[in-house]
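Visitor: dropping the sequence and predicted coords here.
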Amino acid sequence: MWFGSAADLAEGASAFFTDAAAPLRNPDHAHLHSASIGFLWTNVSNAKKGRMVIGTAEPGAPQGAMGKWGRAKATLQVTDWFGIVPDFIITLDANWWLQASDAEAYALIEHELYHRAQDRDEYGAPKFNRQTGRPVFTMRGYDIEEFIGVVRHYGADAAGICALIEAAEAEPEIAAVGIAQCCGTCRGAT
């Protein structure tokens, strides 16, 4: 069982996706330009709901119900890996990575980057830390923006939405209606 820092990958991800002159620059990731991103390699196999997990994105600061010592130990481990507690950590399956094509590797990194977003206040404005002035980051689940960005760059299969596209292209089973504009969940209404 092994986890190790992938500092070269962190630099590469920034150089490829978030820097202004990046060759694969994606404006969807512009908010991450000032983020500190820690990348970890692991050889630990992982599966969720019967599916192989090859990458995860999570906050850099330890989360969850831990006691004071548990949080301190976790913070020390993160600091040992990266020298700091980054805004978020992306963990990648090193065994999968070794056999992945460049396009597959890029798609995985971008997918994980889409899970991080700058937090917003109740008015929809970007949040910043009052003491540091730095952006406040949050986790983002799967949303349509992620699917559009990944599909645009790597195709529908990379986003795992081939079935969704097939359903969208087929005739409706019951009737064609338009209700998404009325849904508070879809439109972020309060």
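Guide: Looks like it came in fine.
Visitor: drop to CA atoms for contacts and neighbour counts, all remaining ones
Guide: Noted.
Visitor: from what I see, T91 and T42 are in contact.
Guide: Yes. With contact defined as CA atoms under 8 Å, T91 reaches T42; the gap is 7.1 Å.
Visitor: for the longest helix along the chain, buried residues please.
Guide: Criterion DSSP state H: the longest helix present in the chain is helix 68-82. For helix 68-82, a neighbour-count test (16 or more other CA atoms under 10 Å) marks R71, T75, V78, W81, F82 as buried.
Visitor: out of these, which is nearest to A61?
Guide: Each of those was scored against A61 by CA to CA, and T75 proved nearest at 6.7 Å.
Visitor: now do that closest one, the pLDDT please.
Guide: As predicted, T75 sits at a pLDDT of 95.
Visitor: burial check on the residue lying closest to it once chain neighbours are set aside, number of neighbours?
Guide: Nearest residue to T75, sequence neighbours excluded (CA to CA, 6 or more residues apart in numbering): P62, at 6.3 Å. When neighbours are defined as other CA atoms under 10 Å, P62 has 19 of them.
Visitor: you'd agree P62 is in a helix?
Guide: No. Applying DSSP: H, G, I helix; E, B strand; the rest coil, one finds P62 to be coil, outside a helix.
Visitor: related to what we said a few turns ago, return the member of the buried residues of helix 68-82 nearest to A13.
Guide: Among the buried residues of helix 68-82, and counting by CA to CA, the member closest to A13 is F82, at 15.6 Å.
Visitor: that closest one is in contact with S5, isn't it?
Guide: Yes. F82 sits in contact with S5 when judged by CA under 8 Å, with a separation of 6.7 Å.
Visitor: residues that sit against both of those two, list them.
Guide: Residues touching both F82 and S5 by CA atoms under 8 Å, 6 or more residues apart in numbering: G38.
Visitor: which residues touch R25?
Guide: R25 touches F16, F17, T18, D19, counting by CA under 8 Å, 6+ apart.
Visitor: got these as TSV, with distance to T138 columns?
Guide: Below are these laid out as TSV (distance: CA to CA, whole Å):
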residue	distance to T138
F16	22
F17	19
T18	17
D19	20
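Visitor: closest one to L164 out of the residues you listed, please.
Guide: Nearest member of those to L164, counting by CA to CA, is F17, at 26.9 Å.
Visitor: low-confidence regions, the protein specifically.
Guide: Applying pLDDT under 70 to the chain flags the ranges 141-147, 159, 173-190.
Visitor: hey, where'd the helices end up in it?
Guide: Using DSSP H, helices in the chain cover 7-13, 68-82, 94-99, 102-114, 144-154, 156-159, 162-169, 184-187.
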